[in-house]
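[1] let's see this in three dimensions:
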Amino acid sequence: MSDIALTPNQRRVLECIRAHFQSHDCAPTLREITEALGLSSHSSAQDYVEALVRKGALERLPQHRGLRLVERSRAPAATSLPLVGRVAAGSPILAAENVEAQYAFDPSLFPRADYLLRVVGLSMRDAGILDGDLIAVRRSAEADDGRIVVARLDDDVTVKRLERRRGRVRLLPANPDFAPIEVDPERHAFAIEGLYVGLLRRG
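    The predicted model follows:
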């Protein structure tokens with residue numbers, strides 16, 4: 001970022017956003033920036049973010065928390081991720097029969113992703129995830145409460161928000177037309193397959 005002139009406060013905000021990406025795989029909210037840096041208001045955080053976008057240190061993306069860091073020190077080599085379509089019942093997500101293609105793109109877009117998954121349906125519509133979108137997923141068998149995850153329930157793979165309450169697990173849609181899924185460990189084979197870390201939408 002040496003070729004972008006930033007004020008000391010703008011650099012503090014940029015480093016805060018970078019640190020949040022490294023620990024959470026997503027951009028912080030304005031509230032999180034405000035609290036982390038002791039700013040006077042959310043509007044102050046918004047002003048800094050807008051300045052960083054104008055100066056090219058950040059780039060807006062068409063998704064919830066849609067920001068990415070723009071690293072200019074060198075042009076990164078393209079990387080590729082496997083695109084997973086419908087997952088065959090009982091098979092590992094990255095089994096050969098599930099992989100439709102390989103997608104090449106700038107690795108800074110999804111620095112910790114392991115694969116892309118094609119979304120089917122509108123159950124996560126209000127989280128900005130639509131039918132046909134490609135979501136970037138980092139493989140993980142663990143997830144914090146509130147994270148959007150790729151989960152396996154019996155022979156189905158689904159994208160939902162994870163809720164853990166008093167020893168119970170639910171998979172929550174982001175669309176009122178869909179009901180939450182109650183996970184009963186005595187009835188269901190349940191596993192977390194990965195964490196949602198970004199989205200691609202083809203025009």
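[2] can you tell me which helix in the chain is longest?
    Taking DSSP state H as the criterion, the chain has its longest helix at helix 8-24.
[3] name the SS class of the spatially most central residue of the chain, please.
    Centroid check for the chain by CA atoms, centre = their mean gives Val197 as the closest residue, at 2.2 Å. Look at Val197: counting by DSSP: H, G, I helix; E, B strand; the rest coil, its state is strand.
[4] residues contacting the helix or strand of the chain with the lowest mean pLDDT, please?
    Here the helix or strand of the chain ranked lowest by mean pLDDT, DSSP states H and E is strand 67-69, holding a mean of 80. Contacts with strand 67-69, where a contact means CB atoms under 8 Å, 6 or more residues apart in numbering, come from 14, 17-18, 21, 27, 49, 53, 57-61, 108-109. C-beta coordinates here come from the backbone N, C-alpha and C atoms, glycine included.
[5] for the residues you listed, which one is nearest Gly128?
    Lowest distance from Gly128 to the contacts of strand 67-69 (CB to CB) belongs to Leu61, with 10.1 Å.
[6] tally up the residues packed near that closest one, please.
    Look at Leu61: counted by other CB atoms under 10 Å, it has 16 neighbours.
[7] residues of the longest helix of the chain that come out buried?
    Residues Gln10, Arg12, Val13, Leu14, Cys16, Ile17, Arg18, His20, Phe21 are the ones in helix 8-24 that count as buried (16 or more other CB atoms under 10 Å).
[8] give the other helices and strands that it contacts.
    Here helix 8-24 touches helix 30-37, helix 42-54, strand 67-69, going by 3 or more CB pairs under 8 Å, 6 or more residues apart in numbering; DSSP states H and E.
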